[in-house]
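[1] attaching a predicted model along with its sequence, questions to come.
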Amino acid sequence: MSKESAEEEKDSTNKRKKGLPLLFMRTVILVLQAYPELKQYVAVTLLPRLVEQEVWTQPRAWDGYLRIVKIMGTETGATSFISLMKLPSQQLKNVLKVHKGLKDTLKSYAAGVISIDPGVKEVLGLS
């Protein structure tokens with residue numbers, strides 16, 4: 001096996017590992033519908049991890065993330081805003097376009113947070 005083909009194989013393996021399984025977000029949505037008591041766990045644990053993995057780079061997973069944000073609504077309070085505050089400003093703009101009523105609530109939450117990314121402040125109109 002040549003060095004180039006070994007590198008190509010390694011790159012393709014890394015690409016496969018990076019993406020979420022196709023039905024992962026669908027499963028999370030079904031779990032939240034069946035077990036609403038898990039919303040807090042999803043808000044604190046799963047959503048921030050998805051942001052760290054740059055979920056917006058995978059269109060189907062990003063759509064699932066937006067659906068989960070909608071399901072969560074404001075029920076989980078500040079904990080559901082943790083992952084939204086970690087989003088890059090462009091992705092946060094997209095979320096706020098989809099969920100228009102969320103901006104005011106998120107803005108109130110952000111006003112009490114000590115350190116906020118300048119891009120997030122700009123999107124929320126806090127700068």
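    Thanks, I have it. Numbers count the residues shown, from 1 in each chain.
[2] and for the spatially closest residue to residue 44 that is not a sequence neighbour, the neighbour number?
    Of all residues not flanking residue 44 in the chain, residue 79 sits nearest, at 5.2 Å (Cβ to Cβ, 6 or more residues apart in numbering). C-beta here means a position set from N, CA and C on the backbone, and glycine is covered the same way. For residue 79, the neighbour count with other Cβ atoms under 10 Å is 18.
[3] put the alpha carbons of the host helix or strand of residue 96 into CSV.
    Take DSSP states H and E as the rule and residue 96 turns out to sit in helix 89-98. What follows is helix 89-98, C-alpha atoms only, in CSV (Å, rounded to 0.1, in the frame of the first residue of the first chain):
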residue,chain,number,x,y,z
SER,A,89,-22.9,34.4,15.8
GLN,A,90,-24.0,33.3,12.3
GLN,A,91,-25.5,30.1,13.6
LEU,A,92,-27.2,32.0,16.5
LYS,A,93,-28.7,34.4,13.9
ASN,A,94,-30.1,31.3,12.0
VAL,A,95,-31.6,30.0,15.2
LEU,A,96,-33.2,33.3,16.0
LYS,A,97,-34.7,33.6,12.5
VAL,A,98,-36.3,30.2,12.9
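[4] quick one: list the elements packing against that helix.
    With contacts taken as 3 or more Cβ pairs under 8 Å, 6 or more residues apart in numbering; DSSP states H and E, helix 89-98 sits against helix 59-72, helix 102-111, helix 118-124.
[5] again, 6 Å this time
    helix 118-124 (3 or more Cβ pairs under 6 Å, 6 or more residues apart in numbering; DSSP states H and E).
[6] which residues touch the helix it packs on?
    85, 89, 92-93, 107, 110, 127 (Cβ atoms under 6 Å, 6 or more residues apart in numbering).
[7] list the buried residues for it?
    Within helix 118-124, the residues that count as buried by 16 or more other Cβ atoms under 10 Å are 120-121, 123-124.
[8] now stretch 31-49
    Buried, per 16+ other Cβ under 10 Å, within stretch 31-49: 32, 39, 42-43, 46-48.
[9] low-confidence ranges, this protein, go.
    Residue ranges of the chain with pLDDT under 70: 1-17, 73-78, 114.
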